[in-house]
Structure formats: structure tokens, C-alpha cells
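Colleague: Quick one: sequence and predicted model below, then my questions.
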Amino acid sequence: MQIFIDSGNLEKIRELNDLGVIDGVTTNPSLVSRENKPFRQLIKEICMIVDGPVSAETVSEDFDGMMKEAVELSKIHKNVIVKIVNTPQGIKAVKECTRRGIKTNVTLTFSAVQALLAAKAGATYVSPFVGRLDDVKEDGMQLVRDIRQIFDNYDFGAKILVASVRSTGHVLEAAKIGADVATCPAEVIENLFKHPLTDAGIKKFLDDWKKVRDKGLDK
Ligand code: E4P
């Protein structure tokens, strides 16, 4: 399973990309609003850092507006994936993007039948928002299971991009289900590395190595 970082923060993106654990990036208008940089410039700079898909979201609500933005965004860099909301106008735009060879990520997907429509329109990625479903006492990961089954039933090419990830548990479940990608906030990616027994193990090894060194046997 690929891991994308869900962020518009260049510093964090660079830091985690340097560790070699980032396969791509997703952004959204809320994440962009936290950065003090013109949107298109920000996307371009992200593409310079990460050699993988970078989702940039359209904000129009109508087909013509979405298409205009999709064409502009796709010209920023070959790795740009145009993010389009899962609405009737959005699905129509996804179908047209598919026809024109523009790659898409269908965002704000909260049901399996919405995912089915996106896949039928030729979406490159479909993003179920698991955390926001959990927030309203629904089961976000069950949605991912349902989408996996539907996409496998019909051999849809769309990739399942698990979004609105809140914990390492979400990442684990996504991988067990066979999702294609989990896009995670930086903090969740950082937590993937952590285990208290790893820290305790390092401390014990270093303490014991000090004994070896003190005896002059560290050669
Ligand atoms: C995904 O592409 C979205 O940007 C993101 O995962 C939304 O997450 P949130 O529900 O934490 O805002």
C-alpha cells in the first residue's frame, strides 16, 4: 500500500519525503489555507519535492468551472492529479477529464455507491473519508471494505485512496483490506515508526554497548 502525505506544508513534506516513506501528496482547500503561498505555486513546489502523484483540488461547483480548473491544474506538472468532489457535476467532469487523459481523485466520497459512480466515470483515485464517517458514528473502514469488494467484482481501474485518516489503526486496517493508498497527516506517518519496545530496545543496546566500550572492547 502506498502512503501519501495529506498536507500543504512544504517543510513537513520535505522532511518525510527525505526519509523515503512518501509515495505522493494530497492537498485540499483547508490545508492550502494554512500555508501562506499562492495555490498554484504551492502545488508546483510540492511537485518539485515529491516524485509521485500530487492531488490539487478544484473549487468550482459547476461542470464548466471544474473543467477550466482541471485543465489549468493539470498543466502545472505531469504528476498533478485533479481532485474533484463527488457530486453530479463532479462526476460529469471526471468523465470528461478521463476522456481528455486528465487524472482525477474523486474526493468527499462517503458511500460505496458514490465510489461506484466515480469508478464508472474513470476516476484514477477514489477517496473514502474514513475519519469523518467515524466522527458521525459510522464505520469508515467498512466503507473501504465495501468499495474494495465492488472494485474487485468489476475490475475497475480506480485506486482506493483512504482519506481523512486519523490514526495508525486506520493505516493498518486500510492495508489489511487491500486499499491502494492511505493519505495521512504528517503526525500519523511519524507515529507509524513508533513502538515503545523499539525505544526500550535501543536504550538497552546502547547501555550494554557502553559497557563494551568502557572495557575497551569496541574494536
Ligand atoms: C484527502 O484527500 C483529504 O485532504 C483529507 O484526508 C481530509 O481529511 P480530514 O477529514 O482530516 O480533513
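Modeller: Now that the structure is in, tell me what you want to look at.

Colleague: Distance check, the residue nearest the centre of the chain against G90.
Modeller: A centroid search over the chain (C-alpha atoms, centre = their mean) returns T183, at 2.5 Å, as the residue closest to the centre. Relative to G90, T183 is positioned 19 Å away (criterion: C-beta to C-beta, to the nearest Å). To be clear about C-beta, it is placed using only N, CA and C from the backbone, and glycine gets the same treatment.

Colleague: Might one say that the residue nearest to the centre of the chain is in contact with I160?
Modeller: No: the criterion here is C-beta atoms under 8 Å, and T183 misses it with I160 at 11.1 Å.

Colleague: For this structure, just list every one of the strands.
Modeller: Under the criterion DSSP state E, strands of the chain are mapped to 2-6, 24-26, 54-57, 80-85, 104-109, 125-128, 159-162, 181-184.

Colleague: how about the helices in the chain?
Modeller: Remark: helices assigned in the chain by DSSP state H are 10-18, 29-33, 39-49, 63-74, 88-100, 112-120, 130-135, 140-154, 168-177, 186-192, 196-214.

Colleague: hey, what's T183 bridged with?
Modeller: When bridges are called by DSSP bridges, T183 pairs up with F4.

Colleague: residues from this protein in reach of the ligand?
Modeller: Within the chain, the positions adjacent to the ligand are 6, 26, 28, 107, 127, 129, 131-132, 163-164, 183 by C-beta under 6 Å from any ligand atom.

Colleague: between the strands of the chain, which one is nearest to K215?
Modeller: Of all the strands of the chain, it is strand 2-6 that lies closest to K215, at 43.2 Å by C-beta to C-beta.

Colleague: Next, the buried residues of the closest one.
Modeller: Burial within strand 2-6, assessed by neighbour count using 16 or more other C-beta atoms under 10 Å, is assigned to 3-6.
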